[in-house]
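# sharing a model prediction with you, sequence too.
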Amino acid sequence: DQVMTLCSTEQGLVCQLNRWAATTGISLDIGPAGEVRELNGATTTVVRLAANGRNDDTFRAPTWTTSGVRLGQITAAPDGSVLALFFGQRGRRGVIRFDPSGAYDPDFAAELGDATSQITDLYPLPDGQLLAFGSFTSIGGVAQPYLARLTPNTRAGATHLGNLSVRSVAGTGAATLAAGYISSGGNTTVLARAAGPALAQFGVANPLADPRLALFQGAAVVATNDNWSAEPDNLIASTASRLSAFPFPIGSRDAALIATTPAGARTVQVTGGELLPGVALLELYHAGTAPVSARSPRFTNFSARSSTGNGSETLIAGFTLNGDSSRNVLIRAAGPALTKFGVSGALADPVLTLFRGSTVVARNDQWEDGTAEDVFLRREAVAATGAFPFDAAAKDSALVVTLPPGQYTAHVTGTGNSTGIALVEFYEVP
């Protein structure tokens, strides 16, 4: 039940061993220093063997343990890195890169879609491009039969979550409007704004008369603001203008603050003081230097919790992807899952719809809906981002989507005109 084939390449001798009707496999490649690299499809990892056949433990690639991950052709690049065809985890289908030490390179992306499984040979070119051979007739919707030259994106990690906005009724106590973010890579600067009176210029009925804004780390208050125009030097106004946020009227009772915080999780709350509840818009902006790689300071997650229902009571959260290339995003609407955290009145059956403008991009009712591949990718994205897992057969909603840079909105509604508390989340999938 084993078949072996041999061929010669510029990098050396390549051996392909297929086992169990090619459902798993091992690929061996001779690197530029004479070492042998092994790609083991059964354990789904990459190891490097020295010329004497012993394992080189200085090359430490990640190991995938889920059976849905598939790895194909492997080849060594002239700079000592390793390229491999990859399908399965985190929604990726294409070529991935390991640096000479074996570390996965999150800034490298060559998404090939369905053509990935049709590529039989892959060769790196001296200029960094890749030459692919196979039975494919198109790549990315472009006719390209059997032979293609690929240009990988080496700045994939620069595309990032740039902004969150959520509009809802805010007051005090259980009516507090809350949003959160998680940052990584070092100190990250956030501009947080709570618009109430400023919404009147857009015809919003019953805007919150005097929003108050507070930034928390856990239970500790990091920063607060009541009236934004009381801040000195017009830093908030100039920062908002730089980030293309609409201006607040001078002297208005809207709230805003700028804070630089270390990597970690923070929450922002909007309350209405002693006045009656009203409609507020809560905004979070990445206000620091734009990320240039996956390791740059950045937001990796935005979230917002509010009551929702249907029609005018729909929870609508907008987010922006900034950068010059597409990236994978995990979007979730939690309702039943919130009961595990003591939330009463949680939305029983949320429906999640993603829009770009007025166009529906994707929709999900229950997170296990769709194909086995869809469910697998959602589970893998949850594991990769550290999001809390949904229970099996739960009625919470989730999507994993590959999105180009731009502005998007997520609508959370209740099945059968139901209402309740829902949490909407956006995660960068590494």
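All right, it came through fine.
# scan the protein for its longest helix.
If you go by DSSP state H, the chain has its longest helix at helix 372-385.
# now do the strands in the stretch 51-200 of the chain.
For the stretch 51-200 of the chain, strands defined by DSSP state E, counting those that start in this stretch occupy the ranges 70-76, 82-87, 93-98, 110-111, 119-124, 130-134, 138-139, 142-143, 147-150, 160-170, 177-184, 188-195.
# deepest-packed of the ones you listed, please.
Neighbour counts averaged per stretch over these are highest for strand 188-195, at a mean of 25; criterion: mean count of other C-beta atoms under 10 Å. (Each C-beta comes from the backbone N, C-alpha and C, glycine too.)
# so that strand versus strand 177-184, what angle?
Put simply, strand 188-195 runs at 170 degrees to strand 177-184, going by axes from the mean of the first three to the mean of the last three C-alpha atoms, to 10 degrees.
# and strand 188-195, what other elements does it pack with?
strand 177-184, strand 212-217, helix 235-242, strand 255-261, strand 264-271, strand 278-286, strand 298-308 (3 or more C-beta pairs under 8 Å, 6 or more residues apart in numbering; DSSP states H and E).
# follow-up on the earlier one: where among the strands of the stretch 51-200 of the chain is average confidence lowest?
The stretch with the lowest mean pLDDT among these is strand 70-76, which comes in at a mean of 77.
# that one packs against which elements?
Helices and strands touching strand 70-76, as assessed by 3+ C-beta pairs under 8 Å, 6+ apart, comprise strand 24-30, strand 36-40, strand 82-87, strand 119-124.
# how about a cut-off of 6 Å?
When contacts are defined as 3 or more C-beta pairs under 6 Å, 6 or more residues apart in numbering; DSSP states H and E, strand 70-76 sits against strand 24-30, strand 82-87.
# okay, angle between that strand and strand 93-98 too, please.
Relative orientation of strand 70-76 and strand 93-98, computed by the same axes, to 10 degrees: 50 degrees.
# what residues are up against residue 429?
Under the criterion of C-beta atoms under 6 Å, 6 or more residues apart in numbering, the contact partners of residue 429 comprise 90, 328, 330, 381, 384.
# reformat those residues as TSV; add neighbour count and pLDDT.
Output for the contacts of residue 429, formatted as TSV (neighbours: other C-beta atoms under 10 Å; pLDDT from 0 to 100):
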residue	neighbour count	pLDDT
90	18	52
328	22	89
330	24	96
381	24	89
384	17	85
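# and which of those residues is nearest residue 351?
For these, the minimum distance to residue 351 (C-beta to C-beta) is 17.0 Å, reached by residue 330.
# render the CA-only coordinates of the host helix or strand of the closest one in CSV, please.
Secondary structure from DSSP states H and E places residue 330 in strand 327-334. What follows is strand 327-334, C-alpha atoms only, in CSV (Å, rounded to 0.1, in the frame of the first residue of the first chain):
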residue,chain,number,x,y,z
ARG,A,327,-6.9,38.8,5.9
ASN,A,328,-9.0,36.2,7.7
VAL,A,329,-11.4,37.5,10.3
LEU,A,330,-13.4,35.5,12.9
ILE,A,331,-16.8,37.2,13.6
ARG,A,332,-19.1,35.9,16.3
ALA,A,333,-22.5,36.7,17.9
ALA,A,334,-22.8,35.1,21.3
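# which secondary structure elements does the following helix or strand past that strand contact?
Going down the chain from strand 327-334, the next helix or strand is strand 350-356, by DSSP H and E. With contacts defined as 3+ C-beta pairs under 6 Å, 6+ apart, the secondary structure elements packing on strand 350-356 are strand 359-364, strand 406-414.
# let's go with 10 Å and repeat that
Under the contact criterion of 3 or more C-beta pairs under 10 Å, 6 or more residues apart in numbering; DSSP states H and E, the helices and strands touching strand 350-356 comprise strand 315-322, strand 327-334, strand 359-364, strand 397-403, strand 406-414, strand 420-428.
# that strand pairs with which strands, and in what direction?
Sheet neighbours of strand 350-356, with direction, are listed as strand 359-364 (antiparallel), strand 406-414 (antiparallel) (DSSP bridges).
# mind listing what's buried along it?
350, 351, 352, 353, 354, 355 (16 or more other C-beta atoms under 10 Å).
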